[in-house]
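In: Make a model of this:
(chains A and B, ligands or ions: 2)
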Amino acid sequence: MAEMTLIEAIRQAMDEELARDADVFIVGEDVGARGGVFRATQGLIEKYGAERVFDSPLAELSIVGVGIGAALYGMRPVCEIQFADFIYPAFNQIVSEAAKMCYRSNGAWTVPMVIRAPYGGGIGGGLYHSQSVEAFFTHVPGLKVVIPSNPYDAKGLLKSAIRDPNPVLFLEPKKGYRLIRGEVPEEEYLVPLGPANVSRPGSDVSVFAYGMMHYYALQAAEMVASENIAVEVVDLRTLYPVDKETILQSVRKTGKALIVHEDNLTGGYGAEVAAIIASEAFTDLDAPVRRLCGPDVPGVPFSPPMQEWFLPNAEKIAEAIRQLDRF
Amino acid sequence: MALTAEMKREMYWWMLLARRLDERAWVLHRQGKIAFHISGIGHEAAQVGAGFAIRRGYDWVAPYYRDLALMLLLGFTPRDFVLGLMGKREDPNSGGRQMPNHWSLRAANVVSLSAPVATQCVHAAGIGLAIKMKKRDQVVLTALGEGSTSQGEWYEAVNWAAIHKLPVIFLVQNNKYAISERTEKQMAVKSAADKACGLGLPGISVDGTDVFAVYEAVANAVAEARAGNGATLIETVAYRITPHSSDDDDRSYRSHEEVEAYKKCDPLQVVQSRLVADGILEEAVIAEFEQRAKEMVDEAVRYAESAPYPDALEAAYPVYAEEVRHG
Ligand SMILES: Cc1ncc(C[n+]2csc(CCOP(=O)(O)OP(=O)(O)O)c2C)c(N)n1
Ligand SMILES: [Mg+2]
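Out: Ligands and ions are numbered 1, 2, ... in the order given. So this is what the prediction gives:
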């Protein structure tokens, strides 16, 4: 076992997949000599050459669209969008093309492609370097949406995503790139796309989270443990298609559900989780489903106090857990 | 390659078959037997000229919705077409999922088309990139209308093809209209070929009613692309003889006189007169072709009319590659 950061695990996953499969290639802005603005692809151009670690023009729709074409031909592109905030020019290609290709061709054509994008706030990025974009994409059948919360999962999930025959949007909590550390085995392993993970078992309150919020949820669970509140933390990690069973099992056990995401509240991913619980575990509930989310303002503001106001953190989550426990 | 008399007759045949099939679709629409038709009438010379210039079944094609003649040339049968018009289960494009003319024919390397215009251009660039990465000598032919060159997708695709000298032929079928808007409302330059030049691509404008001129232009471009010298844009200038689609009423934006005037340079008539004058086509052969086309079209309609619809529940699949049922 080696301890490493989230971004090192992501880099290792790409490194191993580039070595394993000659059809895998990386494409995006500054991914080559620069190694990506966050260094996710650092050192890969030296190992695999400029043809397989490919600097694209500054044009997101064609990073994805060209990736789709290459995937149709039989390649396995890993497209990097520099910040999730800049994915919107590619929205058409992701939603109208990649996601619909298999269905619209009755299975004749598929798009084995990964789109990686750093997302989320807490890094002083303001409105356009902090966005959480998952809700736009967890509405799209044909697409898979994955968000890792720790190095082990990040590596195993990204390797699975690269081998998956479908388009996978892989959103990386960028605040956690160097902050979140964890053990990663030396030997080859995969984490399957699909199942959520009960990362901390408990009996009093279920907390559903992903990405950076999952990291804080674990901290919050630890904080309230001394107050005799046994929190179960569920890392949703594959947001779409959603793992209903794990969500329902957890709620059936605890009877109380808190959903946390930093994306704004209204129409957010948490609404879907809440709806699943309300419609399929209604009689198991001992309290209303609670959501702790970013507020409904257009973005994460830049100035530190405003940024802090926007984002959930361990303290805010702990307080929400206490309230729910008391209900 | 110089065209033989035999090849010229064959080109005429495919133009004729496409025309008769297309005309029948209009009749079926008037009879209330199909819900929608979008026509390729007036585009046959451009499509057959281009289709003859590629290696069919070896090269790749990302077509657009008017490409009926091109698709027939690539192996799509009249039956296939009418099955698609009627949304029948055997529709090879999509099993009845897509509207008519949203082509897909995997066996001939024809990738699946959606409705948002110009989206296929970036796929073509991606296929071209993959071909280049794999060091193969295939080329990609992609088609679109002149109005669609206003889309960012087109600019980005041409830009990629130019930067990386990708083996892509952009066939812009200029029919003077984008629904109701004439070319002057789409571009300040005279032709999409000029726009390509601005992006660093050879741009050529040819008479789109002259199948042999189109063939020659595309054949030259294909030779360049195959030799590794990169992409070319070819604009074929003709006229959209029909309304935009069966839902359009073109009397609100153009005069009857204008349409009648352009019918005098109908590409099918142009090629027929020329081949007759050159002694390549006798009246008896024309009559025989007409007879054969009529029989094929009749048979296709008969077959498709009695062919089954998909079961409603087939609509649930295949959203993901794992659900594709083979065989
Ligand atoms: C992105 C997008 N916007 C609008 C439409 C509706 N639409 C379909 S065809 C068309 C005109 C296309 O004109 P042109 O590119 O010249 O092709 P033509 O139909 O003349 O062959 C429009 C506006 C569309 N399909 N896609
Ligand atoms: Mg047009």
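
In: Please make it C-alpha for all contacts and neighbour counts, starting now.
Out: Will do.

In: which residues in the chain form strands?
Out: Assuming you mean chain A. Per DSSP state E, chain A carries strands over the ranges A:2-5, A:24-28, A:53-55, A:76-80, A:113-119, A:144-146, A:167-173, A:181-184, A:197-200, A:205-209, A:231-235, A:238-240, A:257-264, A:290-294.

In: my bad, the chain I had in mind was chain B
Out: Counting by DSSP E, chain B has these strands, from start to end: B:60-62, B:140-145, B:168-174, B:177-178, B:181-182, B:203-207, B:232-237.

In: Could you export the ones you listed as JSON lines, including mean neighbour count and distance to ligand 2?
Out: Shown next, in JSON lines, are the strands of chain B (neighbours: other CA atoms under 10 Å in any protein chain shown; distance: least, CA to the ion, whole Å):
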{"stretch": "strand B:60-62", "mean neighbour count": "28", "distance to ligand 2": "17"}
{"stretch": "strand B:140-145", "mean neighbour count": "26", "distance to ligand 2": "5"}
{"stretch": "strand B:168-174", "mean neighbour count": "29", "distance to ligand 2": "5"}
{"stretch": "strand B:177-178", "mean neighbour count": "18", "distance to ligand 2": "4"}
{"stretch": "strand B:181-182", "mean neighbour count": "14", "distance to ligand 2": "8"}
{"stretch": "strand B:203-207", "mean neighbour count": "20", "distance to ligand 2": "15"}
{"stretch": "strand B:232-237", "mean neighbour count": "28", "distance to ligand 2": "10"}
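
In: who are the neighbours in contact with the residue nearest to the spatial centre of chain B?
Out: Nearest to the centroid of the C-alpha atoms of chain B, with distances taken as CA atoms, centre = their mean, sits B:Asp67, at 1.9 Å. Residues in contact with B:Asp67 (CA atoms under 8 Å, 6 or more residues apart in numbering or on different chains) are B:Gly40, B:His43, B:Gln47, B:Asn101.

In: mind checking how far the first one is from chain A?
Out: Distance of B:Gly40 to chain A, given as CA to the nearest CA, to the nearest Å: 22 Å.

In: try the last one
Out: Counting by CA to the nearest CA, the separation of B:Asn101 from chain A is 12 Å.

In: The strands of chain A: which one's closest to B:Asp59?
Out: Of all the strands of chain A, strand A:76-80 sits nearest to B:Asp59, with 20.2 Å by CA to CA.

In: Could you check that closest one and say which residues are buried?
Out: Buried positions in strand A:76-80, judged by neighbour count with 16 or more other CA atoms under 10 Å in any protein chain shown: A:Arg76, A:Pro77, A:Val78, A:Cys79, A:Glu80.

In: Between those, which sits nearest A:Val260?
Out: Among these, A:Glu80 lies closest to A:Val260 (CA to CA), at 26.3 Å.

In: need the residues of chain B near ligand 2, please.
Out: B:Gly145, B:Glu146, B:Asn175, B:Tyr177, B:Ala178 (CA under 5 Å from the ion).

In: Mind pulling up the pLDDT for B:Ala2?
Out: The model reports B:Ala2 with a pLDDT of 88.

In: ok, now which ones touch A:Asp296?
Out: So A:Asp296 contacts A:Asn264, A:Leu265, A:Thr266 (CA under 8 Å, 6+ apart).

In: burial measure for the residue nearest to A:Glu308 when sequence neighbours are not counted, as a count.
Out: For A:Glu308, ignoring the flanking residues on the chain, the nearest one in space by CA to CA, 6 or more residues apart in numbering or on different chains is A:Gly122 at 7.6 Å. The number of residues packed near A:Gly122 is 24, by other CA atoms under 10 Å in any protein chain shown.

In: need the residues of the stretch 101-250 of chain B near ligand 1, please.
Out: For the stretch 101-250 of chain B, the residues in contact with ligand 1 (CA under 6 Å from any ligand atom) are B:Ala115, B:Pro116, B:Val117, B:Leu144, B:Gly145, B:Glu146, B:Gly147, B:Ser148, B:Asn175, B:Tyr177, B:Ala178, B:Ile179.

In: and A:Val240, how many neighbours?
Out: Small correction: residue A:240 is Tyr, not Val. By other CA under 10 Å, the residues close to A:Tyr240 number 24.

In: Distance-wise, check it relative to ligand 1.
Out: To ligand 1, A:Tyr240 is 27 Å away according to CA to the nearest ligand atom, to the nearest Å.

In: where's that residue relative to B:Gly230, distance?
Out: Relative to B:Gly230, A:Tyr240 is positioned 40 Å away (CA to CA, to the nearest Å).

In: pLDDT score for residue 178?
Out: I went with chain A, as the question did not name one. 98.

In: try again with chain B
Out: 98.

In: now do B:Gly96
Out: On pLDDT, B:Gly96 comes in at 97.

In: neighbours around the closest residue to it other than its chain neighbours, how many?
Out: Leaving aside its sequence neighbours, B:Gly96 sits nearest to B:Gly87 (CA to CA, 6+ apart; 4.3 Å). B:Gly87 sits with 24 neighbouring residues when counted by other CA under 10 Å.

In: ok, now A:Ser226?
Out: As a burial measure, A:Ser226 scores 9 neighbours (other CA under 10 Å).

In: try B:Lys33
Out: B:Lys33, neighbours per other CA under 10 Å, totals 14.

In: check contacts around B:Ala25.
Out: Contacts of B:Ala25 by CA under 8 Å, 6+ apart are B:Ile34, B:His37, B:Val82, B:Leu85.
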